[in-house]
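Trainee: Sequence first, then the predicted structure, then my questions.
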Amino acid sequence: MLLNIMIKNYALIERLDIDLDQGLNVITGETGAGKSIVIDALTLLLGHRGNKSNIRHGADKMVVQGLFDIEGNKGAWAKLGEFGIEPEDNRLILTRELDGRGRNVCRADGIIITVTQLRAIGDTLIDIHGQHEHQSLFQRENHRYLLDAFGGEKAAALLDRVGEDAAKLKALNQKIRSLEKDEREIERQKEMFQFELKEIEAAALKTGEEEALEAEKKILTNSEQLFRSANEAYQVLNGDDNDYQSALLSALTELAGKISEIAKIDENFSSYEAVVESAYQELENLSFEIRSYIDNIDFDMANLDEVEKRLGIINNLKRKYGGSIEEILAYGSTLADRLSGLVNRDEQMEEYQKSYRKFLKDYEQRAEELHELRLQSGQIFKKALEQELKDLAMEKTVVQVEMTRERKLISPKGQDQVEFLIAVNPGIPPKPLRKIASGGEISRIMLSIKSIFGDRDRIQTMIFDEIDTGISGRTAQAVAEKIFELSKTHQIICITHLPQIAAMADKHFMVEKTADEASVEVSFGPLNKPEREKELARMLSGAEVTQTTLDHAREMLEMTEKLKMTK
């Protein structure tokens with residue numbers, strides 16, 4: 001519920017601060033006084049498109065702020081929770097600023113949000129209905145939406161299931177179409193996959209092979225250097241034929257003899273004999289290894305060519321299929337899967353088609369259930385709407401809910417096309433709403449629909465912007481009573497030219513426009529009882545207020561108060 005709205009520097013408004021009541025809030029004023037400016041400012045607060053040209057002349061920016069009571073509004077709480085906003089005490093403050101550069105600043109409880117988020121929140125708070133919204137009744141797709149909303153939770157659950165089945169069918173259809181691509185393209189892909197996979201498999205790559213080949217290449221490339229260094233190392237250990245005495249092993253043999261001589265005299269030195277013996281054995285083993293290494297050094301350049309050829313194959317595959325042997329092998333595995341998919345295309349096609357037939361059967365069954373529910377809802381809706389219209393002095397109106405079913409259609413909304421047809425005069429066949437010329441009749445139809453959905457509508461605040469166009473007299477009184485009934489369950493804000501509706505108000509506001517040579521100003525304020533009588537007298541007379549019209553206005557207010565007490 002909207003508790004307060006503050007408007008600053010919007011159009012002709014310098015500043016307004018308006019407190020609203022829970023029931024029926026009526027806004028009146030002479031034509032051109034600026035009644036709709038307040039509603040326009042409110043639509044800006046709810047996230048609708050803003051226009052910087054609406055900034056009051058001489059101001060830098062315009063500001064609209066609203067205070068809402070959201071107790072019990074599950075939709076609002078859910079949306080706020082989605083955006084991480086947690087109001088306190090069931091109160092929510094929305095603010096929107098728009099400056100001369102077109103920059104928007106939107107806030108919810110002081111937290112900056114986007115215009116899109118503001119509109120999503122606003123859609124849970126207020127339902128605005130103006131004359132332009134009559135056009136929504138002319139759009140046939142909205143009729144199905146209304147009928148499903150009338151069907152309640154059962155219709156919503158069926159719609160969810162129908163939507164899920166339709167989504168599954170759409171996904172399967174895309175897979176089937178993908179398999180049904182041009183045969184030549186499929187063959188081209190198959191040949192390409194086969195060639196690439198054959199090339200990878202023929203290489204018989206092994207993980208770690210490239211590193212091993214690089215190490216082998218390094219050895220083969222440096223075989224002469226290895227042979228020379230190994231020979232020199234062997235000579236250090238064993239000497240050559242001409243100088244055996246300089247060999248390291250010979251020196252160790254001589255050293256062992258000297259240590260033994262010392263140990264015979266000084267037993268403390270005997271432990272060093274084992275040290276020398278161990279060193280000798282280790283170096284002797286090393287000598288044998290070096291000799292073996294020399295004998296096995298490969299000087300065959302053909303082997304080097306083979307290694308380089310193998311590395312060339314690996315590098316070629318890396319350029320084509322991946323940066324390493326692991327990536328190449330992974331790509332080969334993917335190719336095998338793709339090729340299997342193409343080779344087994346017929347089997348896959350049969351599997352997809354089998355699943356498609358299954359889900360199609362489920363979809364058609366649920367679409368049938370939804371169709372039957374819509375037929376039932378249509379009859380109940382027809383009677384309810386005819387009764388509401390009867391209350392609004394359209395006693396002879398006949399409502400027809402026309403439904404056509406397209407059995408081949410697969411849609412998340414089912415297979416039905418729904419259209420409301422109406423005959424307002426006896427003997428004339430029902431026609432589409434768009435062919436009804438009277439604005440007053442369309443206004444009453446819309447109000448009747450709002451009344452039907454009143455108990456189902458979780459949005460607490462409704463705004464009616466001059467929907468009473470084209471009605472007067474007894475019909476106007478019926479409309480006034482219908483709006484008052486709706487205000488028992490909803491907060492209603494209503495801009496009207498009808499004194500019958502204004503007399504029903506729980507709180508009556510009047511808009512006035514004053515002008516001088518320098519500026520134009522719009523004022524907006526609640527009326528006390530004498531002021532209400534004067535305003536109703538103006539609305540009744542349409543001209544100069546006389547004592548007669550004042551008496552009539554006073555009598556209307558008294559009668560209305562008695563009527564409200566009986567309802």
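Mentor: Done, it's in.
Trainee: three-state assignment of Phe509?
Mentor: strand (DSSP: H, G, I helix; E, B strand; the rest coil).
Trainee: just checking, it touches Ile27?
Mentor: Yes: between Phe509 and Ile27 there is a contact under C-beta atoms under 8 Å: 4.8 Å. Quick note: C-beta positions are derived from backbone N, CA and C, even for glycine.
Trainee: Pull up the overlap in contacts between the two.
Mentor: Here Phe509 and Ile27 share the contacting residues Phe524, scored by C-beta atoms under 8 Å, 6 or more residues apart in numbering.
Trainee: Gly47: neighbour count?
Mentor: One way to gauge burial is a neighbour count; for Gly47, by other C-beta atoms under 10 Å, it gives 22.
Trainee: before we move on, what about the one 5 residues further on?
Mentor: Each residue near Lys52 was counted by other C-beta under 10 Å, and the total is 14.
Trainee: ditto for Glu326
Mentor: Using other C-beta under 10 Å: Glu326 sits among 12 other residues.
Trainee: Kindly report the same for Asn268.
Mentor: A count of neighbours around Asn268, defined by other C-beta under 10 Å, yields 9.
Trainee: Ile262 versus that one, what's the distance?
Mentor: Relative to Ile262, Asn268 is positioned 9 Å away (C-beta to C-beta, to the nearest Å).
Trainee: In the helix or strand Ser333 falls within, which residues are buried?
Mentor: Assigned by DSSP states H and E, Ser333 belongs to helix 325-343. Applying a neighbour-count criterion of 16 or more other C-beta atoms under 10 Å, one finds Ile325, Ile328, Leu329, Tyr331, Gly332, Leu335, Arg338, Leu339 buried in helix 325-343.
Trainee: Next, the contact list for the first one, please.
Mentor: Read it as Ile325. The contact partners of Ile325, by C-beta under 8 Å, 6+ apart, come to Leu205, Lys206, Thr207, Gly208, Glu209, Glu210, Ile314, Lys318.
Trainee: Also the fifth one?
Mentor: Listed by C-beta under 8 Å, 6+ apart, the contact partners of Gly332 are Glu196, Leu197, Ile200, Glu201, Tyr321.
Trainee: Can you give me the distance of it to Asp295?
Mentor: Taken as C-beta to C-beta, the span from Gly332 to Asp295 is 41 Å.
Trainee: Burial check on the nearest residue to Leu304 once chain neighbours are set aside, number of neighbours?
Mentor: Closest residue to Leu304 in three dimensions, ignoring its sequence neighbours and counting by C-beta to C-beta, 6 or more residues apart in numbering: Leu220, at 4.2 Å. Other residues near Leu220 come to 20 when the count uses other C-beta under 10 Å.
Trainee: what helices or strands is the helix or strand harbouring Leu220 leaning on?
Mentor: Element membership of Leu220, judged by DSSP H and E, is helix 209-221. Under the contact criterion of 3 or more C-beta pairs under 8 Å, 6 or more residues apart in numbering; DSSP states H and E, helix 209-221 touches helix 301-321.
Trainee: at 10 Å instead, please
Mentor: helix 301-321, helix 325-343 (3 or more C-beta pairs under 10 Å, 6 or more residues apart in numbering; DSSP states H and E).
Trainee: how about a markdown table for those helices, with mean pLDDT and distance to Leu385 added?
Mentor: Putting the helices and strands packed on helix 209-221 into a markdown table (pLDDT from 0 to 100; distance: least, C-beta to C-beta, whole Å) gives the following:
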| stretch | mean pLDDT | distance to Leu385 |
| --- | --- | --- |
| helix 301-321 | 84 | 69 |
| helix 325-343 | 85 | 56 |
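Trainee: Which one, of these, ends up nearest to Thr475?
Mentor: Counting by C-beta to C-beta, Thr475 lies closest to helix 325-343 out of these; the figure is 69.4 Å.
Trainee: Toward the C-terminus, what is the element adjacent to the closest one?
Mentor: helix 345-391.
Trainee: which strands and helices sit next to the helix or strand that that following helix is followed by?
Mentor: Downstream of helix 345-391, the next assigned helix or strand under DSSP H and E is strand 398-405. Judged by 3+ C-beta pairs under 10 Å, 6+ apart, strand 398-405 is in contact with helix 140-150, helix 345-391, strand 416-423.
Trainee: Give the full set of residues in contact with Phe138.
Mentor: When contacts are counted by C-beta atoms under 10 Å, 6 or more residues apart in numbering, Phe138 touches Pro432, Leu433, Arg434, Lys435, Ile436, Ile442.
Trainee: re earlier: pick the most deeply packed of the helices and strands packed on strand 398-405.
Mentor: Counting by mean count of other C-beta atoms under 10 Å, strand 416-423 has the highest mean neighbour count of the helices and strands packed on strand 398-405, with a mean of 20.
Trainee: just how off-centre is it within its chain?
Mentor: Relative to its parent chain, strand 416-423 has a centroid offset of 32 Å by C-alpha atoms, centre = their mean, to the nearest Å.
Trainee: ok, now stretch 356-368?
Mentor: Remark: stretch 356-368 is offset 28 Å from the chain centroid, using C-alpha atoms, centre = their mean.
Trainee: ok, now how distant is the residue nearest to Lys529 when sequence neighbours are not counted from Asn528?
Mentor: In this structure, Lys529 finds its nearest non-sequential neighbour in Leu557, 7.6 Å apart by C-beta to C-beta, 6+ apart. For Leu557, the distance to Asn528 (C-beta to C-beta) stands at 12 Å.
Trainee: residues bridging contact with the two, i.e. touching both?
Mentor: Between them, Leu557 and Asn528 have His508 as joint contacts when contacts are counted by C-beta under 10 Å, 6+ apart.
Trainee: Between these two, tell me which one has more neighbours.
Mentor: Leu557 (20 against 9).
Trainee: Tell me which helix or strand that one sits in.
Mentor: Short version, using DSSP H and E: Leu557 is in helix 547-566.
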